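Chemist: Structure here, sequence nowhere to be found:
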(Lines give C-alpha, C1' and ligand atoms only; values in the text may rest on other atoms or scores of the structure.)
Protein backbone atom coordinates (compact mmCIF):
# COMPACT_ATOMS: atom_id res chain seq x y z
CA UNK A 1 0.00 0.00 0.00
CA UNK A 2 1.34 3.42 -0.86
CA UNK A 3 1.37 5.76 2.11
CA UNK A 4 2.47 9.36 2.67
CA UNK A 5 5.15 8.10 5.04
CA UNK A 6 6.99 6.58 2.10
CA UNK A 7 7.75 10.07 0.79
CA UNK A 8 11.11 11.30 2.03
CA UNK A 9 13.14 14.44 1.28
CA UNK A 10 15.87 14.14 -1.29
CA UNK A 11 16.81 17.32 -3.17
CA UNK A 12 15.44 20.75 -4.00
CA UNK A 13 14.51 21.88 -7.46
CA UNK A 14 14.63 25.22 -9.30
CA UNK A 15 12.22 26.42 -11.98
CA UNK A 16 14.86 25.93 -14.68
CA UNK A 17 15.35 22.34 -13.57
CA UNK A 18 11.59 21.83 -13.63
CA UNK A 19 11.42 22.98 -17.22
CA UNK A 20 14.29 20.75 -18.31
CA UNK A 21 12.77 17.75 -16.51
CA UNK A 22 9.48 18.27 -18.31
CA UNK A 23 11.16 18.51 -21.72
CA UNK A 24 13.27 15.43 -21.06
CA UNK A 25 10.36 13.30 -19.96
CA UNK A 26 7.36 13.94 -22.21
CA UNK A 27 4.67 11.49 -21.11
CA UNK A 28 1.01 10.94 -21.82
CA UNK A 29 -1.56 9.85 -19.30
CA UNK A 30 -4.76 7.96 -20.10
CA UNK A 31 -8.10 9.64 -19.40
CA UNK A 32 -10.49 8.29 -16.83
CA UNK A 33 -11.92 5.40 -18.78
CA UNK A 34 -15.02 4.67 -20.73
CA UNK A 35 -16.85 3.00 -17.84
CA UNK A 36 -17.11 6.30 -15.94
CA UNK A 37 -17.84 8.35 -19.05
CA UNK A 38 -21.06 6.45 -19.72
CA UNK A 39 -22.57 8.52 -16.91
CA UNK A 40 -21.32 11.78 -18.46
CA UNK A 41 -23.34 14.89 -20.45
CA UNK A 42 -23.49 18.56 -21.53
CA UNK A 43 -22.84 21.74 -19.57
CA UNK A 44 -21.20 25.10 -19.89
CA UNK A 45 -18.43 26.54 -17.81
CA UNK A 46 -20.06 27.53 -14.56
CA UNK A 47 -17.24 29.44 -12.97
CA UNK A 48 -16.80 33.16 -13.35
CA UNK A 49 -14.11 34.06 -15.85
CA UNK A 50 -11.09 35.72 -14.24
CA UNK A 51 -8.06 37.22 -15.98
CA UNK A 52 -5.78 34.22 -16.18
CA UNK A 53 -2.64 36.31 -16.12
CA UNK A 54 -3.46 37.83 -12.70
CA UNK A 55 -3.93 34.51 -10.94
CA UNK A 56 -0.94 32.98 -12.69
CA UNK A 57 1.33 35.88 -11.75
CA UNK A 58 0.15 35.77 -8.13
CA UNK A 59 0.71 32.02 -7.98
CA UNK A 60 4.16 32.29 -9.56
CA UNK A 61 5.19 35.13 -7.21
CA UNK A 62 5.04 32.83 -4.20
CA UNK A 63 7.74 30.60 -5.75
CA UNK A 64 7.52 27.96 -2.97
CA UNK A 65 10.34 25.46 -2.73
CA UNK A 66 9.10 21.89 -2.72
CA UNK A 67 10.85 18.73 -1.74
CA UNK A 68 11.20 16.24 -4.57
CA UNK A 69 9.75 12.83 -3.90
CA UNK A 70 11.67 9.59 -4.09
CA UNK A 71 11.02 7.08 -6.92
CA UNK A 72 8.31 5.46 -4.76
CA UNK A 73 5.83 7.21 -7.03
CA UNK A 74 5.80 7.39 -10.83
CA UNK A 75 6.83 10.51 -12.70
CA UNK A 76 4.63 13.56 -12.65
CA UNK A 77 2.70 14.53 -15.75
CA UNK A 78 4.20 18.04 -15.34
CA UNK A 79 7.34 18.93 -13.41
CA UNK A 80 6.64 20.30 -9.96
CA UNK A 81 5.54 23.93 -9.91
CA UNK A 82 5.74 24.07 -13.73
CA UNK A 83 2.06 23.71 -14.55
CA UNK A 84 0.37 24.97 -17.74
CA UNK A 85 -0.78 28.56 -17.64
CA UNK A 86 -4.05 30.12 -18.80
CA UNK A 87 -6.19 26.99 -18.36
CA UNK A 88 -9.56 26.82 -20.05
CA UNK A 89 -11.60 23.70 -19.45
CA UNK A 90 -14.76 22.91 -21.38
CA UNK A 91 -16.90 21.53 -18.55
CA UNK A 92 -20.27 20.67 -20.01
CA UNK A 93 -21.78 19.11 -16.90
CA UNK A 94 -24.27 21.37 -15.07
CA UNK A 95 -25.25 20.68 -11.47
CA UNK A 96 -28.12 23.14 -11.89
CA UNK A 97 -29.99 20.37 -13.76
CA UNK A 98 -30.49 18.65 -10.39
CA UNK A 99 -32.20 21.72 -8.94
CA UNK A 100 -34.32 22.16 -12.07
CA UNK A 101 -35.67 18.62 -11.72
CA UNK A 102 -36.47 19.21 -8.03
CA UNK A 103 -38.48 22.33 -8.90
CA UNK A 104 -40.32 20.57 -11.73
CA UNK A 105 -41.04 17.24 -10.03
CA UNK A 106 -41.22 18.01 -6.30
CA UNK A 107 -43.81 15.84 -4.53
CA UNK A 108 -44.53 13.72 -7.61
CA UNK A 109 -44.26 9.92 -7.93
CA UNK A 110 -41.50 10.49 -10.49
CA UNK A 111 -39.45 12.45 -7.92
CA UNK A 112 -39.89 9.68 -5.37
CA UNK A 113 -38.78 7.16 -7.98
CA UNK A 114 -35.61 9.15 -8.68
CA UNK A 115 -34.82 9.53 -4.98
CA UNK A 116 -35.16 5.78 -4.49
CA UNK A 117 -32.87 4.97 -7.42
CA UNK A 118 -29.09 5.09 -7.83
CA UNK A 119 -29.50 8.77 -8.78
CA UNK A 120 -30.94 9.64 -5.36
CA UNK A 121 -27.59 10.62 -3.81
CA UNK A 122 -27.16 13.39 -6.40
CA UNK A 123 -30.15 15.27 -4.96
CA UNK A 124 -28.52 15.23 -1.50
CA UNK A 125 -25.22 16.80 -2.62
CA UNK A 126 -24.30 20.06 -0.81
CA UNK A 127 -25.24 22.88 -3.18
CA UNK A 128 -22.52 25.27 -1.95
CA UNK A 129 -19.79 22.90 -3.26
CA UNK A 130 -21.33 22.09 -6.64
CA UNK A 131 -20.57 25.15 -8.79
CA UNK A 132 -17.92 23.98 -11.25
CA UNK A 133 -14.42 25.14 -10.26
CA UNK A 134 -12.31 24.84 -13.39
CA UNK A 135 -9.26 26.05 -11.45
CA UNK A 136 -9.52 23.22 -8.93
CA UNK A 137 -10.10 20.57 -11.61
CA UNK A 138 -7.20 21.98 -13.66
CA UNK A 139 -4.91 22.02 -10.62
CA UNK A 140 -5.67 18.39 -9.80
CA UNK A 141 -5.20 17.22 -13.40
CA UNK A 142 -1.89 19.12 -13.56
CA UNK A 143 -0.64 17.21 -10.51
CA UNK A 144 -1.26 13.78 -12.00
CA UNK A 145 1.21 10.95 -11.92
CA UNK A 146 1.95 9.08 -15.14
CA UNK A 147 0.58 5.57 -14.75
CA UNK A 148 -0.73 2.83 -17.02
CA UNK A 149 -3.65 1.97 -14.77
CA UNK A 150 -7.01 2.02 -16.51
CA UNK A 151 -9.96 3.90 -14.98
CA UNK A 152 -7.78 5.57 -12.33
CA UNK A 153 -6.26 9.01 -11.84
CA UNK A 154 -3.37 9.43 -9.38
CA UNK A 155 -2.21 12.75 -7.95
CA UNK A 156 0.35 14.13 -5.52
CA UNK A 157 -0.97 17.07 -3.54
CA UNK A 158 1.53 18.45 -1.01
CA UNK A 159 3.52 15.22 -1.47
CA UNK A 160 0.53 13.12 -0.40
CA UNK A 161 -0.93 10.57 -2.82
CA UNK A 162 -4.56 10.64 -3.90
CA UNK A 163 -6.35 8.17 -6.13
CA UNK A 164 -9.57 8.82 -8.00
CA UNK A 165 -10.96 5.62 -9.45
CA UNK A 166 -14.37 4.09 -10.03
CA UNK A 167 -14.43 3.22 -6.32
CA UNK A 168 -14.16 6.89 -5.32
CA UNK A 169 -16.49 7.94 -8.14
CA UNK A 170 -19.15 5.56 -6.82
CA UNK A 171 -18.64 6.65 -3.19
CA UNK A 172 -19.15 10.32 -4.10
CA UNK A 173 -22.05 9.98 -6.54
CA UNK A 174 -23.86 6.87 -5.33
CA UNK A 175 -23.95 5.62 -8.93
CA UNK A 176 -23.47 1.94 -9.66
CA UNK A 177 -20.03 1.27 -11.10
CA UNK A 178 -20.05 -2.50 -11.45
CA UNK A 179 -18.58 -3.98 -14.64
CA UNK A 180 -20.92 -3.89 -17.61
CA UNK A 181 -22.67 -7.12 -18.50
CA UNK A 182 -21.09 -9.11 -21.28
CA UNK A 183 -22.77 -8.48 -24.60
CA UNK A 184 -24.52 -11.39 -26.25
CA UNK A 185 -23.33 -12.17 -29.76
CA UNK A 186 -20.07 -11.94 -31.63
CA UNK A 187 -19.79 -8.16 -31.35
CA UNK A 188 -20.03 -7.63 -35.08
CA UNK A 189 -23.63 -6.36 -35.06
CA UNK A 190 -24.02 -2.82 -36.32
CA UNK A 191 -25.77 -0.26 -34.13
CA UNK A 192 -28.81 1.49 -35.56
CA UNK A 193 -28.47 5.16 -34.62
CA UNK A 194 -31.81 6.26 -36.04
CA UNK A 195 -34.48 7.36 -33.53
CA UNK A 196 -36.51 4.40 -32.29
CA UNK A 197 -40.16 4.01 -31.38
CA UNK A 198 -39.71 5.32 -27.81
CA UNK A 199 -37.95 8.44 -29.07
CA UNK A 200 -40.77 9.16 -31.51
CA UNK A 201 -43.41 8.61 -28.83
CA UNK A 202 -41.60 10.79 -26.27
CA UNK A 203 -40.84 13.72 -28.54
CA UNK A 204 -43.44 13.18 -31.27
CA UNK A 205 -40.76 13.82 -33.86
CA UNK A 206 -37.97 12.02 -35.69
CA UNK A 207 -35.67 15.01 -35.24
CA UNK A 208 -32.54 13.90 -33.37
CA UNK A 209 -31.56 17.45 -32.34
CA UNK A 210 -33.46 17.57 -29.04
CA UNK A 211 -31.55 19.44 -26.32
CA UNK A 212 -31.69 19.27 -22.52
CA UNK A 213 -33.39 22.72 -22.33
CA UNK A 214 -36.02 21.33 -24.74
CA UNK A 215 -36.61 18.43 -22.34
CA UNK A 216 -36.93 20.76 -19.34
CA UNK A 217 -39.43 22.92 -21.20
CA UNK A 218 -41.48 19.81 -21.94
CA UNK A 219 -41.50 18.95 -18.22
CA UNK A 220 -42.87 22.42 -17.46
CA UNK A 221 -46.01 21.77 -19.50
CA UNK A 222 -49.02 20.88 -17.30
CA UNK A 223 -50.55 18.93 -20.19
CA UNK A 224 -47.57 16.57 -20.49
CA UNK A 225 -48.76 12.93 -20.20
CA UNK A 226 -47.76 11.40 -16.86
CA UNK A 227 -45.96 8.44 -18.44
CA UNK A 228 -43.48 10.79 -20.14
CA UNK A 229 -42.31 12.54 -16.96
CA UNK A 230 -39.92 9.93 -15.58
CA UNK A 231 -38.23 9.08 -18.93
CA UNK A 232 -37.75 12.77 -19.68
CA UNK A 233 -36.39 13.45 -16.18
CA UNK A 234 -33.85 10.63 -16.59
CA UNK A 235 -32.79 11.97 -19.99
CA UNK A 236 -32.24 15.44 -18.48
CA UNK A 237 -30.32 14.01 -15.52
CA UNK A 238 -28.00 11.78 -17.55
CA UNK A 239 -27.54 13.96 -20.63
CA UNK A 240 -27.50 17.29 -18.73
CA UNK A 241 -25.38 16.37 -15.73
CA UNK A 242 -23.51 13.09 -15.90
CA UNK A 243 -22.47 12.61 -19.52
CA UNK A 244 -20.11 15.10 -21.11
CA UNK A 245 -19.13 15.24 -24.75
CA UNK A 246 -16.01 17.36 -24.17
CA UNK A 247 -14.85 16.89 -20.57
CA UNK A 248 -15.13 13.13 -20.23
CA UNK A 249 -16.62 11.69 -17.08
CA UNK A 250 -18.27 13.77 -14.38
CA UNK A 251 -15.81 16.51 -13.24
CA UNK A 252 -17.99 17.51 -10.29
CA UNK A 253 -17.28 14.11 -8.70
CA UNK A 254 -13.53 14.85 -8.81
CA UNK A 255 -14.14 18.29 -7.31
CA UNK A 256 -16.27 16.93 -4.46
CA UNK A 257 -13.67 14.20 -3.85
CA UNK A 258 -10.98 16.90 -3.42
CA UNK A 259 -13.12 18.84 -0.93
CA UNK A 260 -13.69 15.66 1.07
CA UNK A 261 -10.06 14.51 1.00
CA UNK A 262 -8.43 17.92 1.62
CA UNK A 263 -10.47 19.86 4.23
CA UNK A 264 -8.24 22.96 3.90
CA UNK A 265 -9.43 23.38 0.30
CA UNK A 266 -13.04 23.26 1.42
CA UNK A 267 -12.34 25.99 3.98
CA UNK A 268 -11.38 28.37 1.16
CA UNK A 269 -14.77 28.34 -0.61
CA UNK A 270 -17.66 30.69 0.30
CA UNK A 271 -19.86 29.21 3.05
CA UNK A 272 -17.79 26.02 3.53
CA UNK A 273 -19.97 24.80 6.41
CA UNK A 274 -23.25 25.15 4.53
CA UNK A 275 -24.67 21.69 3.81
CA UNK A 276 -28.06 22.50 2.22
CA UNK A 277 -28.89 19.99 -0.49
CA UNK A 278 -30.67 20.49 -3.81
CA UNK A 279 -33.87 19.28 -2.14
CA UNK A 280 -33.65 22.21 0.27
CA UNK A 281 -32.15 24.80 -2.09
CA UNK A 282 -32.86 23.80 -5.70
CA UNK A 283 -31.88 27.20 -7.09
CA UNK A 284 -28.44 27.13 -5.42
CA UNK A 285 -26.47 26.52 -8.64
CA UNK A 286 -28.58 28.63 -10.98
CA UNK A 287 -26.02 31.47 -10.87
CA UNK A 288 -22.29 31.14 -11.50
CA UNK A 289 -19.98 31.35 -8.51
CA UNK A 290 -16.18 31.34 -8.39
CA UNK A 291 -15.28 28.87 -5.64
CA UNK A 292 -11.47 29.00 -5.72
CA UNK A 293 -8.57 30.72 -7.41
CA UNK A 294 -5.04 29.44 -7.99
CA UNK A 295 -3.62 31.41 -5.06
CA UNK A 296 -6.04 29.65 -2.66
CA UNK A 297 -4.92 26.24 -3.94
CA UNK A 298 -1.20 27.09 -3.68
CA UNK A 299 -1.63 28.49 -0.16
CA UNK A 300 -3.22 25.21 0.93
CA UNK A 301 -0.57 23.09 -0.79
CA UNK A 302 2.32 25.01 0.81
CA UNK A 303 1.01 24.87 4.37
CA UNK A 304 3.43 23.37 6.88
CA UNK A 305 1.08 20.48 7.58
CA UNK A 306 -1.56 19.71 4.97
CA UNK A 307 -4.19 17.33 6.30
CA UNK A 308 -5.35 14.75 3.78
CA UNK A 309 -8.16 12.62 5.19
CA UNK A 310 -8.22 10.19 2.28
CA UNK A 311 -6.38 6.91 2.67
CA UNK A 312 -5.75 4.63 -0.30
CA UNK A 313 -7.65 1.36 0.25
CA UNK A 314 -5.45 -1.68 0.83
CA UNK A 315 -6.07 -3.88 -2.17
CA UNK A 316 -3.40 -6.47 -1.58
CA UNK A 317 -0.09 -4.66 -1.93
CA UNK A 318 1.44 -1.63 -3.58
CA UNK A 319 -0.17 -0.46 -6.80
CA UNK A 320 1.34 -1.83 -9.98
CA UNK A 321 2.06 1.23 -12.02
CA UNK A 322 2.65 -0.57 -15.28
CA UNK A 323 0.25 -2.80 -17.15
CA UNK A 324 0.44 -6.43 -16.16
CA UNK A 325 1.68 -8.69 -18.94
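Modeler: That came through fine. All values derive from a computational prediction rather than experimental measurement. Numbers count the residues shown, from 1 in each chain.
Chemist: in the helix or strand where residue 112 lies, what's buried?
Modeler: If you go by DSSP states H and E, residue 112 is part of helix 109-115. Residues of helix 109-115 classed as buried under the neighbour-count rule (16 or more other CB atoms under 10 Å) are 110-111, 113-115. C-beta: built from backbone N, CA, C; applies to glycine.
Chemist: Just name the closest of the residues you listed to residue 226, please.
Modeler: For these, the closest approach to residue 226 (CB to CB) belongs to residue 110, at 8.2 Å.
Chemist: ok, residue 286 to residue 269 distance?
Modeler: Look at residue 286 and residue 269: by CB to CB, to the nearest Å, they are 17 Å apart.
Chemist: Residue 164 too?
Modeler: Where residue 269 is concerned, residue 164 sits at a distance of 19 Å (CB to CB).
Chemist: neighbour count winner among those two?
Modeler: Per other CB atoms under 10 Å, whichever of residue 164 and residue 269 has more neighbours is residue 164, with 24 against 19.
Chemist: just checking, the more buried one is part of a strand?
Modeler: Yes. Residue 164 forms part of a strand when assessed by DSSP: H, G, I helix; E, B strand; the rest coil.
Chemist: To which secondary structure element is the residue nearest to it when sequence neighbours are not counted assigned?
Modeler: Excluding the flanking residues, the one nearest residue 164 by CB to CB, 6 or more residues apart in numbering is residue 153, at 4.5 Å. Counting by DSSP H and E, the element that carries residue 153 is strand 152-157.
Chemist: so for that strand, what's the average pLDDT?
Modeler: Model confidence over strand 152-157, given as mean pLDDT, is 88.
Chemist: tell me what it is packed against?
Modeler: When contacts are defined as 3 or more CB pairs under 8 Å, 6 or more residues apart in numbering; DSSP states H and E, strand 152-157 packs onto helix 134-142, strand 160-165.
Chemist: Quick check: the gap between residue 103 and residue 123.
Modeler: 12 Å.
Chemist: If you count surrounding residues, which of these two has more?
Modeler: Remark: of residue 103 and residue 123, residue 123 carries more neighbours, 20 against 14, as counted by other CB under 10 Å.
Chemist: Just the pLDDT for the more buried one.
Modeler: 96.
Chemist: Which parts of the stretch 51-200 of the chain are helices?
Modeler: Counting by DSSP state H, counting those that start in this stretch, the stretch 51-200 of the chain has helices at residues 52-62, 96-105, 109-115, 134-142, 166-173, 197-203.
Chemist: Just the element for residue 218, please.
Modeler: helix 212-220.
Chemist: And the contacts of that helix?
Modeler: 41-42, 97, 100-101, 104-105, 203, 224, 228-229, 232-233, 235-236, 239-240 (CB atoms under 8 Å, 6 or more residues apart in numbering).
Chemist: try 10 Å this time
Modeler: For helix 212-220, contacts defined as CB atoms under 10 Å, 6 or more residues apart in numbering pick out 41-43, 94, 97, 100-101, 103-105, 110, 202-204, 207, 210-211, 224, 228-229, 231-241.
Chemist: same for the following helix or strand past it, what does it pack against?
Modeler: Sequence-wise, the next helix or strand downstream of helix 212-220 (DSSP H and E) is helix 226-237. When contacts are defined as 3 or more CB pairs under 10 Å, 6 or more residues apart in numbering; DSSP states H and E, helix 226-237 sits against helix 96-105, helix 109-115, helix 197-203, helix 212-220.
Chemist: Of these, which stretch is the most buried?
Modeler: helix 96-105 (a mean of 22; mean count of other CB atoms under 10 Å).
Chemist: picking up where we left off before, wait, which of the helices and strands packed on strand 152-157 is closest to residue 175?
Modeler: strand 160-165 (13.5 Å).
Chemist: Helix 134-142 and the closest one, what's the angle between them?
Modeler: 100 degrees (axes from the mean of the first three to the mean of the last three CA atoms, to 10 degrees).
Chemist: what are the pairing partners of strand 160-165, and which direction each?
Modeler: strand 152-157 (antiparallel) (DSSP bridges).
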